[in-house]
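Asker: Based on what follows, work out the 3D shape:
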Amino acid sequence: MLTKLLKSLETICSNVCIYSLLLMSLITFTDVFGRLLFNKPLGFAYELVAILLAISFYAGLSQVNRKRQHIQIDLLNKYFNGPIGNVLNWFSYFFQLIFFSALVIMIYEEVMMSADFGEVFMFLNIEKWKVLALLFGLAIVALISLLQAFPTLVSLNKKESC
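Answerer: This next block holds a predicted model:
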């Protein structure tokens, strides 16, 4: 049941990522079009594109973490087979786990500080803690997806050692 819930959360995150990237490109196009033709740029475009970029980044992390589709240098794969590859694979997994755990904690602290200070976006007039809370939720889903990738890591190591 937990796997089903996580899978549906990852599907939602993937869709959020896709639509935020699409919306980001539409806003950028509209801003440039308005600036060049009518000399009227969208004042809120910079803030909204930055928010959408952060949302697309954190929403996409769950898929990347679960499927372990991080950027890899294929040229080095032949040198890191066998036990060395297993050690590096485990090292990178634990490093990612520590990094994403720290990231979730830091975003939580930012949510709390932003809520305490009552920070607001200049043009959008939205409280920053609300956007940060969304990013916090997406970061938690990404961390849980990374934790779920542990069995994949174990089976990957068994395949490499054979």
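Asker: which residues in this structure form helices?
Answerer: For the chain, the helices defined by DSSP state H cover 2-38, 45-67, 82-117, 128-148, 150-161.
Asker: Could I get those helices in a markdown table, plus columns for mean neighbour count and distance to residue 76?
Answerer: C-beta coordinates here come from the backbone N, C-alpha and C atoms, glycine included. Output for the helices of the chain, formatted as a markdown table (neighbours: other CB atoms under 10 Å; distance: least, CB to CB, whole Å):
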| stretch | mean neighbour count | distance to residue 76 |
| --- | --- | --- |
| helix 2-38 | 14 | 29 |
| helix 45-67 | 19 | 20 |
| helix 82-117 | 14 | 10 |
| helix 128-148 | 20 | 22 |
| helix 150-161 | 12 | 14 |
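Asker: Look at residue 154 and report its pLDDT.
Answerer: Per-residue confidence (pLDDT) for residue 154: 57.
Asker: Low-confidence regions, the protein specifically.
Answerer: 1, 68-74, 151-162 (pLDDT under 70).
Asker: what residues are up against the residue positioned nearest the centre of it?
Answerer: Centroid-nearest residue in the chain, with CA atoms, centre = their mean: residue 58, separated by 2.1 Å. By CB atoms under 8 Å, 6 or more residues apart in numbering, the contact list for residue 58 reads 135, 138, 139, 142.
Asker: and which of the residues you listed is nearest to residue 62?
Answerer: Among the contacts of residue 58, residue 142 lies closest to residue 62 (CB to CB), at 4.6 Å.
Asker: Quick check: closest non-adjacent residue to the closest one.
Answerer: residue 61 (3.6 Å; CB to CB, 6 or more residues apart in numbering).
Asker: Would you confirm that that neighbour contacts residue 139?
Answerer: Yes. Using CB atoms under 8 Å, residue 61 is in contact with residue 139, at 7.4 Å.
Asker: hang on, the earlier thing: Provide a list of residues in contact with the residue nearest to residue 142.
Answerer: Listed by CB under 8 Å, 6+ apart, the contact set of residue 61 reads 100, 138, 139, 142, 145.
Asker: Mind telling me the two of the residues you listed farthest from one another?
Answerer: 100 and 138 (11.5 Å).
Asker: what about residue 3, distance to residue 13?
Answerer: 15 Å (CB to CB, to the nearest Å).
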